[in-house]
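J.: Model the structure of this input:
(chains A and B)
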Amino acid sequence: DAGVIQSPRHEVTEMGQEVTLRCKPISGHNSLFWYRQTMMRGLELLIYFNNNVPIDDSGMPEDRFSAKMPNASFSTLKIQPSEPRDSAVYFCASSLRGEPPYEQYFGPGTRLTVT
Amino acid sequence: AQSVAQPEDQVNVAEGNPLTVKCTYSVSGNPYLFWYVQYPNRGLQFLLKYITGDNLVKGSYGFEAEFNKSQTSFHLKKPSALVSDSALYFCAVSPRSYQKVTFGTGTKLQVIP
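T.: Below is the predicted model:
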């Protein structure tokens, strides 16, 4: 398996532009997570999905952020409009859903720079 | 609410010496606990997890962690550090019956040759 795939790996955009980050989870995994990592705030969970349904989006910083999972093999995180403070590394992770919880597999991340 | 504390931003250890990376947690009820490692410019990788049973958990790359319920700790250990162990280590906790995992702030491990 190729692991979790994220694109693009790097994104540089100007303030006010729309940014879309993409994620392909590991085949067969039914939970998907979006995280943001910065030096100041560390690793933050933004949202997670079970079976394509958003379960907890309490970490989404504001209405400018939205996430979708139209099918089991694809998810997007969109920022519109983007701001310089959104600059961070965004990670997607996937896992099997179960009790007890399975470990998460992280993608390589998308480094977003908003100027 | 659940939380994780990693009290050391950085740990320095000489190659060949034992290493410990500390983690304490706060969660209602019995926890699930995890350790992940992050190498530069990479995503996090799973090392080990505690679910139930034996308090000493063995994981990848020779790492182990000891669950201590009375001290609410889950310290990561390795008997003999390698330079290649230098990375950022994250402790994480999840309460039972809820999938949301909370990560600590990370501890940078520097193994000195």
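J.: Show me which residues of chain A are close to chain B?
T.: Neighbours of chain B within chain A, by C-beta under 8 Å from any C-beta of the partner chain: A:4, A:31, A:42-43, A:45, A:48, A:50, A:55-56, A:91, A:93, A:97, A:99-101, A:103-109. (Each C-beta comes from the backbone N, C-alpha and C, glycine too.)
J.: List the contacts of the residue of chain B found nearest chain A.
T.: Of all residues in chain B, the one sitting closest to chain A is residue B:43 (3.1 Å; C-beta to the nearest C-beta). Under the criterion of C-beta atoms under 8 Å, 6 or more residues apart in numbering or on different chains, the contact partners of residue B:43 comprise A:4, A:91, A:93, A:106-109.
J.: circling back to that earlier point, out of the residues of chain A next to chain B, which end up buried?
T.: For the residues of chain A next to chain B, burial is judged from neighbour counts taken by 16 or more other C-beta atoms under 10 Å in any protein chain shown, and it is met by A:4, A:31, A:43, A:45, A:48, A:56, A:91, A:93, A:97, A:101, A:103-109.
J.: where does the chain dip in pLDDT?
T.: The chain I'm using is chain A. Using pLDDT under 70 as the threshold, the predicted model of chain A has low-confidence ranges A:1.
J.: try chain B instead
T.: B:97-99.
J.: now with 80?
T.: Regions of chain B meeting the criterion pLDDT under 80 cover residues B:1, B:95-100.
J.: Near chain A, which residues of it? Just list them.
T.: Residues of chain B found near chain A, taking C-beta under 8 Å from any C-beta as the criterion, are B:32, B:34, B:36, B:41-46, B:49, B:51-52, B:90, B:94, B:96-97, B:99-106.
J.: Sitting in strands, which of the residues of chain A next to chain B do you find?
T.: Among the residues of chain A next to chain B, the members falling in strands are A:31, A:42-43, A:45, A:48, A:50, A:55-56, A:91, A:93, A:105-106 (criterion: DSSP state E).
J.: Of the residues you listed, which pair is most distant in space?
T.: In these, the most distant members under the criterion C-beta to C-beta are A:42 and A:50, with 24.2 Å between them.
J.: chain center to stretch B:76-94, what's the gap?
T.: If you compare the mean C-alpha spot of stretch B:76-94 with that of the full chain, they lie 6 Å apart, counting by C-alpha atoms, centre = their mean, to the nearest Å.
J.: residue of chain A with the smallest distance to chain B?
T.: Sorted by distance to chain B under C-beta to the nearest C-beta, the residues of chain A start with residue A:106, at 3.1 Å.
J.: which residues touch the closest residue in space to residue B:46 that isn't next to it in sequence?
T.: For residue B:46, ignoring the flanking residues on the chain, the nearest one in space by C-beta to C-beta, 6 or more residues apart in numbering or on different chains is residue A:103 at 3.9 Å. The neighbourhood of residue A:103, defined by C-beta under 8 Å, 6+ apart, consists of A:95, B:34, B:46, B:49.
J.: How about residue B:107?
T.: Under the criterion of C-beta under 8 Å, 6+ apart, the neighbours of residue B:107 are B:6, B:8-11, B:21-22, B:88-90.
J.: Mark which of the residues you listed are part of strands, please.
T.: Those of the contacts of residue B:107 lying in strands (DSSP E): B:10-11, B:21, B:88-90.
J.: still on that earlier bit, which residue is the nearest non-sequential neighbour of the residue of chain A closest to chain B?
T.: residue B:43 (3.1 Å).
J.: quick one: that neighbour from residue A:23, how far?
T.: In this view, residue B:43 and residue A:23 are 11 Å apart by C-beta to C-beta, to the nearest Å.
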